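Visitor: Give me coordinates for this.
(chains A and B)
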2 protein chains.
Amino acid sequence: MKITILGGGGFLGRKLAARLAKDGALGGRAIAEMTLFDLAAPATVAAPFPVRCLGGDVADPAAVGAAIPPGTEVVFHLAAVVSAAAEADFDLGMKVNLHGTLAVLQACRALGTRPRVIFTSSVASFGGGQEAVVPDDGRQVPTNSYGAQKAIGELLLQDATRKGFLDAVSLRLPTVMVRPGRPNKAASSFVSAVVREPLLGLATDCPVPPEFAVWICSPRSAMEWFLHAATMDTAPLGIDRGINPPGRSATVAKMLEALEAVAGRAAREKVGFVFDREVFDIVDGWPAAFAATRARRLGFAEQESLEDLVQAFVEDDLAATRAERGL
Amino acid sequence: MKITILGGGGFLGRKLAARLAKDGALGGRAIAEMTLFDLAAPATVAAPFPVRCLGGDVADPAAVGAAIPPGTEVVFHLAAVVSAAAEADFDLGMKVNLHGTLAVLQACRALGTRPRVIFTSSVASFGGGQEAVVPDDGRQVPTNSYGAQKAIGELLLQDATRKGFLDAVSLRLPTVMVRPGRPNKAASSFVSAVVREPLLGLATDCPVPPEFAVWICSPRSAMEWFLHAATMDTAPLGIDRGINPPGRSATVAKMLEALEAVAGRAAREKVGFVFDREVFDIVDGWPAAFAATRARRLGFAEQESLEDLVQAFVEDDLAATRAERGL
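Guide: Residues are numbered from 1 along each chain as shown, chains lettered A, B, ... in the order given. Next comes the predicted model:
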C-alpha cells in the first residue's frame, strides 16, 4: 500500500513516518511507498520501502495532487497553521487550514479509489472552557479561528465521505505533550514547555495558573490513535466521522508533580508563573475534559499516566531536543 | 442606510425587497439605497430610494464586492444552490454555497465597517430525522451536502464576527411553505406543492407518506425573522450566531387538513401519494422539530397556524403564480 503524510516534516508527522518505517507495514499489509509532504521537503527516513520527500503548499491543488499519487490508500492530513498563528494571521490560517483541506479533498476524490484520510482536528474546535465535560455529541462552537477552520475541515471531509469520495476519520487531538524542540506559536506551547524546559535545565514561565486544566495526550498515544484510525473498520462510524479520543484532563500542578516524580524537585522549581492574557484568552475557551465514550468503544487506546508520559519524553525525545538546541 | 440582498432575484429575496421598498426604512432609519444581486440581474422594485440591480456570480469576489458598496450596513445573504441541486452537482454546491459565502465574508471585511450579515442557513444542516427534537445547542451533523455547506457557512461567519469583520446572524430556516411559482429542485419542493398545486386546480404527487413531519415556516414569518435579525441587538448572542427560529412541526396530513379548511375537499383530493426514494432519503435526515427556546427569548416571532399560512398564500401569491404559469 501507498501512504502519504501531509505535514510530514512536523513533530507528529516525523514520528509517524519513523513509526511506519520501523513497522514496514500498516494493518498487516506491507507498505510499498511513502510520501512525506510539507512546506519544505521533509528529511527522509530509513525505511524498507521507497520514501518520497516533497516540498510544497498544501493549498496548491497541483502540489497536493503530486503528493497523493494513484494507488494511495491512506492519507494522514496533519498539515496546519497552529492556533496562535492562525489567530494572528487570519488569511494564512484560512489558506492552509481551509483551502489546504479543500485541496486534499479534491486530490483524494480525483484518485477515484476512496482512500482513508486521517485528519487531525482539535480540542480547539470546541468551546466550553474549564467547566465543560464535552459529550460525544457535543456541539463545536469554536472560540478561535484555528478551531473554526478545523471544525469546517471535519464537515468537508465528513460530507466527502458520505459522497464516497474518500473515507475520513477526524481525530480531535488533545493538546499533545511533551513536544520536543523549542516553544512554538501554538497558544498551548506552555503545556509542553513546563515539562520540557526544566528537563533541559532551563527556566520557563507558565502563562496560566497552576490550577488551570488542559485536555492532553502524549505523542505515543497520538501515534496509536493514528494507526488505529488508519486501519479500523469505519462502518460503525456511520455518517459521524469526528472522534474525541480518550486523552486525559490534567492541571499544570499535576504536570509539575509528574515532572518532580521523574526529575526531582530542582526541575520543578525551574517553572515560574507569569500570567499572559493573550495566551490565556485563547486556551481558556478550550474544554478541559471529554467523555470520549464512543472512542473507547471504537477501540482507541487509553492515555498513559502523566508520569509515564514525562518518562516517555525523556526516553524518546530529550537527547534529540538537547542536541537540536545546542544544550 | 444602504442594504444589499444577495439572492435578490429568488423567492424570498423578492419578497424581502418588496417589503423594504414598502417600508422605506429598516429599524426606524430611512433606507438610502438598496442593491439586489443574483445570477441574473433581478427585476427592480418601485421604492422611495434608488435600487441597483446587478447580475453576477456570488463566488466571484469582484462581483460580490460591487454588490456590497462602501457604506453598506446590512447584507442579506440568501444566495444558494438548493438541497437536491447541491446533492446532484457537488461542485456547483461547493462553488455557490461555500465559495460564495467566502466571497461575502471578504467583501464585508473589506468595508472595514462591520456590516450586519443575515445568512440563511437551514434545518438541513442538522441530522436526526423524524424522531428528533433539536435543542438550541444541538450539534449539526448534516446528512446532505447542502446542509454541510450551510453549517460551514455558519462557522465562517461566526468566526468572522468574533474577529470583528462583520456582525452575523445565521437563521436556520425551516422549509418555507407555500412557495409560489413552480416545483423546484429542493428536495422539500413537495412541501409547497401539496398546497399550491391543488389551489391552482392541479393534481400533484407527494413523495413521502401523510404522517411524514416537516419543520416549516411561512414566507411571512421568514420576513419577520429577517427584519428582526437585521435590527436586533446582537450582543446577547455572544459568540454563537446560529438561530433556530420558532417554526412549526407539521405532517403532510395536517397540511392537507389546512388546505381543505381553506379550499374545500376537492382541493385536498388533488393530492396523491407516490413514494420517491431519492427525495425521501434526503428529507428523512432532517429533524422535524426544534426547541427554539433561545430564538423566542431573543424576540423572534412565533409562526402562525397552518390554516393562516395557507390563507396567506392565497392572499399574497396565488394570483401571481397563476399568471406566471399561464393558468
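Visitor: and the nearest residue to A:Gly8 once chain neighbours are set aside, what are its phi and psi?
Guide: Nearest non-adjacent residue to A:Gly8, counting by C-beta to C-beta, 6 or more residues apart in numbering or on different chains: A:Leu36, 3.1 Å away. (Glycine included, C-beta is placed from N, CA and C.) For A:Leu36, the backbone dihedrals are phi -110, psi 130 (criterion: degrees, to the nearest 10).
Visitor: can you list the weak-confidence ranges in chain A?
Guide: Within chain A, not a single segment meets pLDDT under 70.
Visitor: what residues does stretch A:46-53 touch?
Guide: The contact list for stretch A:46-53 (C-beta atoms under 8 Å, 6 or more residues apart in numbering or on different chains) reads A:8, A:17, A:20-21, A:24, A:30-36, A:41-45.
Visitor: hmm, 10 Å instead?
Guide: Residues outside stretch A:46-53 that contact it (C-beta atoms under 10 Å, 6 or more residues apart in numbering or on different chains) are A:1-4, A:8-9, A:17-18, A:20-25, A:30-38, A:40-45, A:66-67, A:69.
Visitor: picking that back up, name all residues that make contact with the residue nearest to A:Gly8.
Guide: When contacts are counted by C-beta under 10 Å, 6+ apart, A:Leu36 touches A:3-9, A:13-14, A:16-17, A:42-45, A:51-55, A:67, A:76.
Visitor: Same question for A:Gly238.
Guide: Neighbours of A:Gly238 in contact, by C-beta under 10 Å, 6+ apart: A:Thr161, A:Arg162, B:Gly127, B:Val141.
Visitor: Does the third one touch B:Pro287 like I think?
Guide: Same thing as B:Gly127. Yes: look at B:Gly127 against B:Pro287 with C-beta atoms under 10 Å: they come within range, at 7.3 Å.
Visitor: Overlap of the contact sets of those two?
Guide: B:Val134, B:Gly138.
Visitor: got the residue ranges for the strands in the stretch 201-327 of chain A?
Guide: A:204-206, A:213-217, A:242-243, A:248-251, A:271-273, A:289-290 (DSSP state E, counting those that start in this stretch).
Visitor: Please compute how far the fourth one lies from its chain's middle.
Guide: Okay, so that is strand A:248-251. 17 Å (C-alpha atoms, centre = their mean, to the nearest Å).
Visitor: cool, the first one as well?
Guide: Going by C-alpha atoms, centre = their mean, the spacing between the C-alpha centre of strand A:204-206 and its chain's C-alpha centre is 23 Å.
Visitor: do the fifth one as well
Guide: For strand A:271-273, the separation from the chain centroid amounts to 26 Å (computed by C-alpha atoms, centre = their mean).
Visitor: which secondary structure elements does it contact?
Guide: Here strand A:271-273 touches helix A:189-199, strand A:204-206, helix A:252-263, going by 3 or more C-beta pairs under 10 Å, 6 or more residues apart in numbering or on different chains; DSSP states H and E.
Visitor: Please apply the same query to the first one.
Guide: Counting contacts by 3+ C-beta pairs under 10 Å, 6+ apart, strand A:204-206 packs against helix A:189-199, helix A:252-263, strand A:271-273.
Visitor: what's the closest of those to B:Met177?
Guide: helix A:189-199 (51.6 Å; C-beta to C-beta).
Visitor: and the angle from the closest one to strand A:213-217?
Guide: Counting by axes from the mean of the first three to the mean of the last three C-alpha atoms, to 10 degrees, helix A:189-199 lies at 80 degrees to strand A:213-217.
Visitor: Pull up the distance across stretch A:107-117, start to finish.
Guide: Distance across stretch A:107-117, first residue to last, is 11 Å (C-alpha to C-alpha, to the nearest Å).
Visitor: let me fix that: stretch A:44-52
Guide: 8 Å.
Visitor: For it, buried residues please.
Guide: For stretch A:44-52, burial by neighbour count (16 or more other C-beta atoms under 10 Å in any protein chain shown) applies to A:Val45, A:Ala47, A:Phe49, A:Val51, A:Arg52.
Visitor: Now do the SS call for the residue in the stretch 1-150 of chain A that chain B sits nearest to.
Guide: Evaluated by C-beta to the nearest C-beta, the stretch 1-150 of chain A has A:Ala148 as its residue closest to chain B, separated by 3.9 Å. Assigned with DSSP: H, G, I helix; E, B strand; the rest coil, A:Ala148 falls in the helix class.
Visitor: That one against B:Leu156, yeah?
Guide: Yes: shown here, A:Ala148 and B:Leu156 form a contact pair, counting by C-beta under 10 Å, at 7.3 Å.
Visitor: Quick check: neighbours shared by the two?
Guide: With C-beta under 10 Å, 6+ apart, A:Ala148 and B:Leu156 have common neighbours A:Met94, A:Leu98.
Visitor: Now for A:Trp286, how many residues are close by?
Guide: 29 (other C-beta atoms under 10 Å in any protein chain shown).
Visitor: That one and chain B: what is the separation?
Guide: The spacing between A:Trp286 and chain B, counted by C-beta to the nearest C-beta, to the nearest Å, is 13 Å.
Visitor: if I look at that residue, how far off is A:Val314?
Guide: Distance, A:Trp286 to A:Val314, using C-beta to C-beta, to the nearest Å: 27 Å.
Visitor: Leaving out the residues flanking it, which one is nearest to A:Asp136?
Guide: Spatial nearest neighbour of A:Asp136, excluding adjacent residues (C-beta to C-beta, 6+ apart): A:Arg294 at 4.3 Å.
Visitor: Who are the contact partners of the one you found?
Guide: Counting by C-beta under 10 Å, 6+ apart, A:Arg294 touches A:Pro135, A:Asp136, A:Asp137, A:Pro236, A:Leu237, A:Asp240, A:Gly242, A:Ile243, A:Asn244, A:Pro245, A:Pro246, A:Phe300.
Visitor: Just read off the phi/psi values of the second one.
Guide: By that I understand A:Asp136. Note on A:Asp136: its backbone torsions stand at phi -60, psi -30 [degrees, to the nearest 10].
Visitor: you'd agree A:Asn97 is up against A:Ala80?
Guide: Yes: with contacts counted by C-beta under 10 Å, A:Asn97 reaches A:Ala80, the gap being 5.6 Å.
Visitor: any common contacting residues for the two?
Guide: Counting by C-beta under 10 Å, 6+ apart, the residues touching both A:Asn97 and A:Ala80 are A:Val58, A:Ala86, A:Tyr146, A:Gln149, A:Lys150, A:Gly153.
Visitor: out of everything not next to it in sequence, what's closest to A:Ala21?
Guide: A:Ala47 (3.5 Å).
Visitor: Same question for A:Pro70.
Guide: A:Leu111 (6.2 Å).
Visitor: Please apply the same query to A:Gly272.
Guide: Spatial nearest neighbour of A:Gly272, chain neighbours left out: A:Asp205 (5.0 Å); criterion: C-beta to C-beta, 6+ apart.
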